[in-house]
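In: model this:
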Amino acid sequence: MMGTNSLEQLACHIHTLQTLQMLVPKRARSATLASTASLVSTLCQEFGAAATLEEVIQALVGRHLRAQMRTRTVAG
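Out: Predicted structure coming up:
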């Protein structure tokens with residue numbers, strides 16, 4: 001577990017959590033550490049813990065686009 005002993009570590013943790021909070025949609029602002037950890041755990045299981053955030057984002061964007069294209073093909 002990452003410690004929160006030094007002022008530098010505390011400042012880093014606070015900044016990271018505030019950034020995450022800003023990214024969470026307003027309707028889900030009650031997101032918890034557990035719900036965030038669950039999301040990260042699910043993504044780690046699917047993509048591997050060593051996957052970069054960019055790799056995961058690109059894979060998810062690709063899936064989303066393919067799903068949109070299938071929906072439009074079926075609807076159109």
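In: Can you show me the helices along the protein?
Out: Chain-ordered helices for the chain, with DSSP state H as the definition, fall at 7-23, 33-47, 53-75.
In: Which neighbouring elements make contact with the second one?
Out: Pointing back at helix 33-47 there. Contact here means 3 or more CB pairs under 8 Å, 6 or more residues apart in numbering; DSSP states H and E; on that basis helix 33-47 packs against helix 53-75. Where you see a C-beta, it was placed from the backbone N, CA and C, and this is true even at glycine.
In: Could I get the buried residue list for the helix it packs on?
Out: Buried residues in helix 53-75, counted by 16 or more other CB atoms under 10 Å: Val56.
In: Any idea how far it is from the middle of the chain?
Out: The gap between the average C-alpha position of helix 53-75 and the chain average comes to 16 Å, counting by CA atoms, centre = their mean, to the nearest Å.
In: Residues touching it, excluding its own?
Out: Contacts made with helix 53-75 from outside it, assessed by CB atoms under 8 Å, 6 or more residues apart in numbering, are listed as Leu43, Phe47.
In: one step back: would you convert the helices of the chain into CSV that also reports mean pLDDT?
Out: Conversion of the helices of the chain to CSV gives the following (pLDDT from 0 to 100):
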stretch, mean pLDDT
helix 7-23, 87
helix 33-47, 91
helix 53-75, 91
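In: Quick check, pLDDT for Ser30.
Out: In this model, Ser30 is scored at 78, pLDDT.
In: ok, it - how many residues close by?
Out: 7 (other CB atoms under 10 Å).
In: and it, how far is that from Thr73?
Out: Distance of Ser30 to Thr73, given as CB to CB, to the nearest Å: 37 Å.
In: what does Ala31 give?
Out: Between Ala31 and Thr73 the computed distance is 34 Å (CB to CB).
In: Kindly report the same for Leu23.
Out: 32 Å.
In: next one: Asn5
Out: Spatial separation of Asn5 from Thr73 under the definition CB to CB is 55 Å.
In: Please parse the chain into its domains.
Out: The chain is divided into the following domains under automatic domain parsing: 1-31, 33-76.
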